[in-house]
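Colleague: After the sequence you'll find the predicted model.
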Amino acid sequence: MNFFEIVKKRYSHRGNYLAETVPLADLERIAEAGLAAPTGMNWQCVRLIILPDKAALQPLLQAVPTERLSTAPTAIAVLTDSFTQDEKKNFEMEDYSAAVENMLLAAVALELASLWLDSPYFDGKAQKAALEALGIPAGYRLRAVLPIGKPEVLGTPREKLPFSERVSYVRFGGVKST
């Protein structure tokens, strides 16, 4: 599968996963793809925790019960640190977003399904409980958890608006010249 096929095939898996374990080598390849993402000023504030099996996922699921994570055999937690941040510049959101997208594409390349799961951790209490469950020290923030596995039922990408409705040329609303 080439890169553009992978991009078009990616979807957010909101269904169940098969119980089969994902090889640790595949999880590490996915993590490497995330860490290869660009970072603002090369600060590299993204940190990852590989949760290689159901036992490793249990503390997080007990702290923050999350339906979308409950059937996943494995996951990767995505953190950012604020130790390298400048008061006027903060690239944590951009950096973790780029890392997550790379990992989602890497999962597709390995014929796995995943989901960008961040909303359960927006709540302050849930964030604190998740940090404690994963042993994450002060100064870090859990940004997302990517459940990863073989889907029970293969999903499909959602329909996107047509290219012509989302892309302009030269200026907003500008059309392609022939």
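Modeller: That came in fine, so what should we check first?
Colleague: CA atoms for contacts and neighbours, from now on please.
Modeller: Will do.
Colleague: For the residue nearest to residue 134 when sequence neighbours are not counted, give me its contacts.
Modeller: Ranked by CA to CA, 6 or more residues apart in numbering and with sequence neighbours excluded, the top spatial neighbour of residue 134 is residue 60, at 6.6 Å. By CA atoms under 8 Å, 6 or more residues apart in numbering, the contact list for residue 60 reads 130, 133, 134.
Colleague: all helices of the chain, in order?
Modeller: With DSSP state H as the criterion, the chain has helices at 3-9, 24-35, 54-63, 67-70, 92-109, 124-133, 163-166.
Colleague: Can I get these in CSV including distance to residue 140 and mean pLDDT?
Modeller: Formatted as CSV, these follow (distance: least, CA to CA, whole Å; pLDDT from 0 to 100):
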stretch, distance to residue 140, mean pLDDT
helix 3-9, 30, 96
helix 24-35, 17, 98
helix 54-63, 16, 97
helix 67-70, 21, 94
helix 92-109, 11, 97
helix 124-133, 8, 96
helix 163-166, 36, 93
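Colleague: Please identify the one among these that comes closest to residue 147.
Modeller: For residue 147, the closest of those is helix 67-70, at 5.7 Å, according to CA to CA.
Colleague: quick one: buried residues of the closest one?
Modeller: 68, 69, 70 (16 or more other CA atoms under 10 Å).
Colleague: And residue 69, how close does it get to residue 57?
Modeller: Going from residue 69 to residue 57 by CA to CA, to the nearest Å gives 9 Å.
Colleague: Show me the longest strand that occurs in the chain.
Modeller: Longest strand of the chain, by residue count under DSSP state E: strand 140-149.
Colleague: Can you list the neighbours in contact with that one?
Modeller: Residues contacting strand 140-149 (CA under 8 Å, 6+ apart): 17-18, 20-22, 68-69, 72-82, 96, 107, 112-119, 121, 127, 130-131.
Colleague: what angle sits between it and helix 54-63?
Modeller: Here the directions of strand 140-149 and helix 54-63 differ by 130 degrees (axes from the mean of the first three to the mean of the last three CA atoms, to 10 degrees).
Colleague: you'd agree residue 98 is up against residue 35?
Modeller: No - in this structure, residue 98 is not within contact of residue 35 by CA atoms under 8 Å, at 9.1 Å.
Colleague: Same drill for those two, tell me which one is more crowded.
Modeller: Ranked by neighbour count (other CA atoms under 10 Å), residue 98 and residue 35 place residue 35 first, with 22 against 19.
Colleague: Quick check: closest non-adjacent residue to that one.
Modeller: Here the residue nearest residue 35, using CA to CA, 6+ apart, is residue 99, at 6.1 Å.
Colleague: again with residue 118
Modeller: Excluding the flanking residues, the one nearest residue 118 by CA to CA, 6+ apart is residue 144, at 4.3 Å.
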